[in-house]
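S.K.: just to be clear, the model below is a prediction. Sequence and coordinates:
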Amino acid sequence: MISASDIVYEEGGRTILNKVSFSIADCDKVAIVGPNGAGKTTLLKIMIGELTPDSGKILGIKNSQSFSYMPQHVSTLDLNLDTSVYNFLLSSRGLDKINASLERLLKSMQNPNNSENKIMELSTKYINLLDNFSKAGGDSIDGEIETLMNGLGLGDVDLDRQLSTLSGGQKTKLAFGRVLLSNKDIMILDEPTNHLDESAFEWVISYLKRFRGTLVVVSHDRNFLDTVTDRTFDLSYDGRLTVYRGSLSVSEAKKADLQKHRLKLSAKQEREEKVLKEFIERWRGKKVTQVHDREKKLKRLQNEKAKVVDTSKRKDIVVSFPIKRQPHKNVLSIKGLSKSFGDTTLFENLSFDVYRGEKMAIVGANGIGKSTLLKIITGNLSDYEGTVTLGDGVDIGYYAQEHETLQQTSSVSDEMRRVNSVSIKMARSILAHFLFTDALLNTYVRVLSFGEKSRLRLATLVAGGHNFLVLDEPTNHLDIQSKTQVIKALKMYEGTILLVSHDQELISEIGIDKILVLSEQKIINS
């Protein structure tokens, strides 16, 4: 259904995809994996025609009617925020437009001045539209929407609500829901599980296991990929693609075996190269024919040797969060805090304290106000009732879920220096620990992948030496290796943490002392 031949894509002087070739058959379930910045999202955008490769060919997806696409971040979608949740979901099959046309026709049919011929004409159009509505699944759509909303944990969201009143997490779930409802033959998903709690995660897995079409998905969640995919496309940081038959775990085992073979072959070639060089040096000018023959063998060997070098290996990021100074015992005090958006009350008369050295998680469904609470605490939102008091000596490091604190027009190097006023040498040193090579230092923030933006923001936090980390979904968009290192660093961190996350591994591993269940406004001690 989809095939690519020798695709090359370059951006900012760097080769993102390097002669990538593959084929995807009908009903294949494909995982695209690789480190942050390897080009996974770029490859998806080339598949759907949003980007054009510099060279090579991509075939298969002819038009927008054959596939549905879930981008990594809902902010990249051109959403009509004035539309209702119900109409947004209906638009997955064009039923919103049919509904609107039916309403207009019905109104026209009720005009008492209509002639008999006009009534017949309008009635025929109305019947045809009803037939189109039925063919598009309109007769069962309400039941499907109810099942979807409950499955995604949005059962309490009024279908008449406007998208503009929803949280980022709720919008992301709805965008995902619209893709699931679309009934397209090809489903292309970029990090679809980032905003899902445990129950929604399990429901989505169950849904995708039943999906009979072609699935192409980018994700860093091993459990998710092992359950729903049967082929793995492994992108290395140098832009090369290796295709494996099997799930992520199966492909990793095959990759390890391939690497062992490469190492053995490389060692053998090293020995052969040494023997050839010694012969050439020893008999140069004496055994001309034999030396010439050995030189040709050496050149051929060196060309073959370059082909078996494992370029997929990449260093892990190096993360630690040092503290410049500890604050006094009382880090944060919240008293009688209330916040509403229009008629929607997020929380009311909320009170709690955070003390030095504590690690506290905030949990609750999407749209309940978790990110809003963090924005109030960090001073990024001032319209609320109640008091927020930071203790003496508190230095906040804030990680925003949507990276809105990053200057998109800055270069990577300039952003590090803007946030922390460090020297060029120090900025380069810290950025190197987060795998930003010299070639990436002058790259604009806006062209980085979401994973690379996550690493950049973490790098600026490391440089800041903050004693109070306020983190909103810090492991979203990170590859598996980077996520592991961040979890280790937060576990060893000696400061205070206030954390919002759906990542159960993160919450369980870093040693959470207490949990604020925001829906009930109560504290649970771990």
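M.R.: Structure received. Numbering: from 1, shown residues only.

S.K.: for the lengthiest helix in the chain, give the mean pLDDT please.
M.R.: For the chain, the longest helix by residue count, based on DSSP state H, is helix 248-283. Average pLDDT, helix 248-283: 83.

S.K.: helices and strands around the helix or strand just after that helix, which ones?
M.R.: Sequence-wise, the next helix or strand downstream of helix 248-283 (DSSP states H and E) is helix 288-307. The contact analysis (3 or more C-beta pairs under 8 Å, 6 or more residues apart in numbering; DSSP states H and E) places helix 288-307 against helix 248-283. Quick note: C-beta positions are derived from backbone N, CA and C, even for glycine.

S.K.: next, the buried residues of the helix it packs on.
M.R.: 248, 250-252, 254-255, 258, 276, 279-280 (16 or more other C-beta atoms under 10 Å).

S.K.: kindly report the same for stretch 16-25.
M.R.: Result for stretch 16-25 [16+ other C-beta under 10 Å]: buried residues 16-18, 20, 22, 24.

S.K.: and these as TSV, adding pLDDT, secondary structure and distance to S55?
M.R.: TSV is the format used below for those (pLDDT from 0 to 100; DSSP: H, G, I helix; E, B strand; the rest coil; distance: C-beta to C-beta, whole Å):
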residue	pLDDT	secondary structure	distance to S55
I16	90	strand	13
L17	93	strand	10
N18	92	strand	11
V20	94	strand	11
F22	95	strand	16
I24	93	strand	20
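
S.K.: quick check, nearest of those to Q72?
M.R.: I16 (15.4 Å; C-beta to C-beta).

S.K.: show me the contacts for that closest one.
M.R.: 9-10, 39, 42, 239 (C-beta atoms under 8 Å, 6 or more residues apart in numbering).

S.K.: buried subset of those residues?
M.R.: Buried members of those, scored by 16+ other C-beta under 10 Å, are 9, 39, 42, 239.

S.K.: where does confidence bottom out across those?
M.R.: G239 (87).

S.K.: my guess is it contacts E10. True?
M.R.: No: G239 is beyond contact range of E10, at 9.0 Å (criterion: C-beta atoms under 8 Å).

S.K.: low-scoring stretches of this structure, by residue?
M.R.: Scanning the chain with the threshold set as pLDDT under 70 gives 62-65, 75-76, 306-315.

S.K.: could you redo the last one with a cut-off of 50?
M.R.: Along the chain, segments meeting pLDDT under 50 span 311-312.

S.K.: could you measure from the residue sitting furthest away from the middle of it over to K274?
M.R.: Going by C-alpha atoms, centre = their mean, the residue of the chain most distant from its centre is K286, 63.2 Å out. The spacing between K286 and K274, counted by C-beta to C-beta, to the nearest Å, is 20 Å.

S.K.: likewise for V204?
M.R.: On the measure of C-beta to C-beta, V204 and K274 end up 55 Å apart.

S.K.: do S454 as well
M.R.: The value you get for S454 to K274, if C-beta to C-beta is used, is 44 Å.

S.K.: what's the answer for Q485, then?
M.R.: Noted for Q485: a distance of 38 Å to K274, by C-beta to C-beta.

S.K.: over to Y207?
M.R.: Applying C-beta to C-beta, the value for Y207 to K274 is 57 Å.

S.K.: again with F436
M.R.: 37 Å.

S.K.: circling back: quick one: the longest helix of the chain to helix 288-307, angle?
M.R.: Helix 248-283 and helix 288-307 meet at an angle of 160 degrees, taking axes from the mean of the first three to the mean of the last three C-alpha atoms, to 10 degrees as the criterion.

S.K.: and helix 248-283, what does it pack onto?
M.R.: strand 29-33, helix 222-228, strand 231-235, strand 241-245, helix 288-307.

S.K.: of all these, which one is nearest T344?
M.R.: When those are compared by C-beta to C-beta, helix 222-228 sits nearest T344, at 31.3 Å.

S.K.: buried set for the host helix or strand of L180?
M.R.: Element membership of L180, judged by DSSP H and E, is helix 168-181. Under the neighbour-count criterion of 16+ other C-beta under 10 Å, helix 168-181 has 168-181 buried.

S.K.: same deal with stretch 203-212?
M.R.: Neighbour-count burial for stretch 203-212 [16+ other C-beta under 10 Å]: 203-205, 208.

S.K.: okay, those residues in TSV with distance to A31 and secondary structure next?
M.R.: What follows is those, written out as TSV (distance: C-beta to C-beta, whole Å; DSSP: H, G, I helix; E, B strand; the rest coil):
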residue	distance to A31	secondary structure
W203	20	helix
V204	15	helix
I205	13	helix
L208	12	helix
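
S.K.: hang on, the earlier thing: for L159, state which of the buried residues of helix 168-181 is nearest.
M.R.: Among the buried residues of helix 168-181, L174 lies closest to L159 (C-beta to C-beta), at 10.6 Å.

S.K.: the closest one touches T83, doesn't it?
M.R.: No: here L174 lies out of contact with T83, judged by C-beta under 8 Å, at a distance of 10.7 Å.

S.K.: what is in contact with these two at once?
M.R.: Joint contacts of L174 and T83 (C-beta under 8 Å, 6+ apart) are L163.

S.K.: counting contacts, what elements does the strand or helix carrying A100 pack onto?
M.R.: Under the criterion DSSP H and E, the helix or strand holding A100 is helix 95-109. Packed against helix 95-109 by the contact rule (3+ C-beta pairs under 8 Å, 6+ apart) you find helix 85-90, helix 116-135.

S.K.: switch the cut-off to 6 Å
M.R.: Helix 95-109 is packed against helix 116-135, with contacts defined by 3 or more C-beta pairs under 6 Å, 6 or more residues apart in numbering; DSSP states H and E.

S.K.: go through the helix it packs on and flag the buried ones.
M.R.: Neighbour-count burial for helix 116-135 [16+ other C-beta under 10 Å]: 122, 126, 129, 132-133.

S.K.: separation between the nearest residue to G213 once chain neighbours are set aside and I32?
M.R.: Counting by C-beta to C-beta, 6 or more residues apart in numbering, G213 lies nearest to D185, which is 4.7 Å off, once chain neighbours are set aside. Separation of D185 from I32 (C-beta to C-beta): 19 Å.
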